[in-house]
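J.: Sequence and predicted structure below; questions after.
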Amino acid sequence: MASNESADTHNNKNNQQSKEQQHLTQHNVLLDSPIRGPTLSTSTSSFEALDPHDPNLSKLATKMFRKTEEYISNELNAPIEDYKLLEDMNKVTAAKYSDMRQIAENLSISTIDLSNKFQALVPLMQQIDEISDTVDKLEAAAYKLDAYSIALENRVKSVLQRKTSMP
């Protein structure tokens, strides 16, 4: 019975090895390297890194990779440049708003100073108004006195004329 089990184990191992070999031989021939045979790469390129190849093709491939690298670098750098531009614009805008805030504060201080000066002048303007009213009243009184003095002068003249005309 022990030899039976040993034979079964040996048969199982042989079956597994044969299945693995079948699996390895069932690979996709299209994915094989044309020179080296099956590889781990899924590339379908016929280019072999260690084999001699067309130098013109190598130059073109190098140029393509360089241009692709430049393109990708520029595509990645464009948003960075945009953000730098936005940051600079924000700094300039913040500086302008800071200047405008300073101007507004200065205007506010000047307005408060002018308001205080105006409030200090209010009593003086009231005195000027009172003096103007008094001058108007004095002027009216002066006109009345002038009219009265003219009327009085005319009476005196008329009385004197009567006296001189009466002999």
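T.: Perfect, thanks for sending it. Numbers count the residues shown, from 1 in each chain.
J.: what about the helices in this protein?
T.: 2-25, 55-165 (DSSP state H).
J.: Could you dump the ones you listed into CSV and include mean pLDDT and mean neighbour count?
T.: Just so you know, the C-beta spots here come from the backbone N, C-alpha and C atoms, and that holds for glycine as well. Formatted as CSV, these follow (pLDDT from 0 to 100; neighbours: other C-beta atoms under 10 Å):
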stretch, mean pLDDT, mean neighbour count
helix 2-25, 59, 9
helix 55-165, 95, 10
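J.: any idea how far residue 79 is from residue 136?
T.: Separation of residue 79 from residue 136 (C-beta to C-beta, to the nearest Å): 79 Å.
J.: With residue 145 instead?
T.: 15 Å.
J.: what's the answer for residue 75, then?
T.: Counting by C-beta to C-beta - residue 75 and residue 136 are separated by 86 Å.
J.: What of residue 156?
T.: Distance of residue 156 to residue 136, given as C-beta to C-beta: 30 Å.
J.: now residue 114
T.: With C-beta to C-beta as the criterion, residue 114 and residue 136 are 30 Å apart.
J.: before we move on, what about residue 160?
T.: Residue 160 is 36 Å from residue 136, by C-beta to C-beta.
J.: cool, residue 73 as well?
T.: According to C-beta to C-beta, residue 73 and residue 136 sit 89 Å apart.
J.: Next, residue 54: phi, psi?
T.: phi -70, psi 120 (degrees, to the nearest 10).
J.: Next, find the distance separating it from residue 139.
T.: For residue 54 relative to residue 139 (C-beta to C-beta), the value is 118 Å.
J.: same deal with residue 76?
T.: Using C-beta to C-beta, residue 76 is found at 90 Å from residue 139.
J.: Distance of residue 79 relative to residue 99?
T.: Distance of residue 79 to residue 99, computed by C-beta to C-beta: 30 Å.
J.: for residue 159, same thing?
T.: Separation of residue 159 from residue 99 (C-beta to C-beta): 85 Å.
J.: now residue 54
T.: 65 Å.
J.: same question, residue 127
T.: Distance from residue 127 to residue 99, by C-beta to C-beta: 43 Å.
J.: Kindly report the same for residue 146.
T.: Following C-beta to C-beta, the distance that separates residue 146 from residue 99 is 65 Å.
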